[in-house]
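Chemist: Would you be able to build a 3D model of this:
(2 chains)
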There are 2 protein chains.
Amino acid sequence: MSIAEEIQELKSAIRDVPDFPKKGIIFKDITTLLKQPGLFSKAIGLMAEPFKDAPIDVVVGIDARGFILGGAIAQLFDVGFVPVRKKGKLPAEVREVTYSLEYGEDTVAIHKDAFEEHKNVLIVDDLLATGGTLQGSCELIELVGGNILGISSLIELSFLEARPQFEKYNFHSVIQY
Amino acid sequence: MSIAEEIQELKSAIRDVPDFPKKGIIFKDITTLLKQPGLFSKAIGLMAEPFKDAPIDVVVGIDARGFILGGAIAQLFDVGFVPVRKKGKLPAEVREVTYSLEYGEDTVAIHKDAFEEHKNVLIVDDLLATGGTLQGSCELIELVGGNILGISSLIELSFLEARPQFEKYNFHSVIQY
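Modeler: The predicted structure follows:
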């Protein structure tokens, strides 16, 4: 199977759920992909491929679907894992960044001591939309001393044109809409 | 290094955070373990070891730290991944189970079609305390046709004595307090 065919196979396994989390939004549900033995590791392999020779120390996964994919890529690369979480979820001393959403704002947090010794970071998330959470996460990581070597997202909503702001971080996505 | 020494090394890497999430609770913070290259894969290896010859189709990870560990074990075993989430987070048709907490109650959910074809399940979570979430998750999995072959938890708070209710599911933990 060619890489183009593998990507098409993954894309076919993603389910569109209309009006979630609110009316008018078509949600890209990856659970129908993740649950299939074979497709899970295929997705992880394609997300990891461009970074396999990079000197990564830790994968940063973004709460919560980024934890599933990021945990798997940390295992594949035999590196550490650091979570970026919503405000109030991490137990020790944190740094926070607040960013704007279409309506209102949100706050992400990271432990202040996340990168004391191991600094080279690959960020992993499931989907790039407008890029607010990802931009906040990049700021957080640099704020506490992380060095971003790359970003890998399973899905990219290309029509929202968020990619340019992440090109300097070696942004990679497997599936584009 | 013996297995006992490996477990001691993991235990030493876990941080106690007093009064989180509320006064009087000493939180077992595994982020100080997960972030260390080498320790992450060591933890995953010890969580997975008893189940390496079991005919597992999918890992079920429990929201949210169970996603990190469960994603890694799904990758290690080359199987699928299914999330159990808090109410309102899963986009398609779900089944829900509500369970009692020390104060109040909580609800977990799973997609109704999570196990249509692939039924043999290993449940993965970070910590067994009183077992409410885990019991709710077991009920959910069986409700939608999953067959629980085992449960693997990184940490077990043995003094809370929740293990007996899970022995029938081949419960395994790496670190006990």
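Chemist: Let's check: the centremost residue of chain A is which one?
Modeler: A:Asp125 (1.2 Å; C-alpha atoms, centre = their mean).
Chemist: Just read off the phi/psi values of the spatially closest residue to A:Ile25 that is not a sequence neighbour.
Modeler: In this structure, A:Ile25 finds its nearest non-sequential neighbour in A:Asp19, 6.7 Å apart by C-beta to C-beta, 6 or more residues apart in numbering or on different chains. From N, CA and C alone the C-beta is placed, and that goes for glycine too. As for A:Asp19, its main-chain torsions (degrees, to the nearest 10) stand at phi 60, psi 40.
Chemist: what's the neighbour count on the residue of chain A at minimum distance from chain B?
Modeler: Nearest residue of chain A to chain B, counting by C-beta to the nearest C-beta: A:Gly71, 3.3 Å away. If you count neighbours by other C-beta atoms under 10 Å in any protein chain shown, A:Gly71 ends up with 33.
Chemist: any idea how far B:Ile73 is from it?
Modeler: From A:Gly71 across to B:Ile73, the span is 8 Å (C-beta to C-beta, to the nearest Å).
Chemist: per-residue pLDDT, A:His118?
Modeler: On the pLDDT scale, A:His118 is placed at 85.
Chemist: so what's it up against?
Modeler: A:His118 sits next to A:57-58, A:79-80, B:35-37 when contact means C-beta atoms under 8 Å, 6 or more residues apart in numbering or on different chains.
Chemist: now, which of these sits nearest A:Gly45?
Modeler: A:Val79 (15.9 Å; C-beta to C-beta).
Chemist: and the closest residue to the closest one other than its chain neighbours, how many residues sit next to it?
Modeler: Computed as C-beta to C-beta, 6+ apart, the closest residue to A:Val79 that is not its neighbour in sequence is B:Pro37, at 4.7 Å. By other C-beta under 10 Å, 17 other residues sit near B:Pro37.
Chemist: Tell me if I am right that B:Pro37 is in a strand.
Modeler: No: judged by DSSP: H, G, I helix; E, B strand; the rest coil, B:Pro37 forms no part of a strand; its state is coil.
Chemist: Roughly how far does it sit from B:Ile68?
Modeler: 15 Å.
Chemist: Check A:Leu39 too.
Modeler: Distance, A:Leu39 to B:Ile68, by C-beta to C-beta: 20 Å.
Chemist: more crowded one of the two?
Modeler: More crowded of A:Leu39 and B:Ile68, by other C-beta under 10 Å: B:Ile68, with 31 against 20.
Chemist: Provide a list of residues in contact with the closest residue to A:Val124 other than its chain neighbours.
Modeler: Among residues not flanking A:Val124 along the chain, A:Gly70 sits closest, at 3.7 Å (C-beta to C-beta, 6+ apart). The contact partners of A:Gly70, by C-beta under 8 Å, 6+ apart, come to A:59-62, A:81, A:124-125, B:68, B:71.
Chemist: The same query, at a cut-off of 7 Å, please.
Modeler: If you count contacts by C-beta atoms under 7 Å, 6 or more residues apart in numbering or on different chains, A:Gly70 has them with A:59-61, A:81, A:124.
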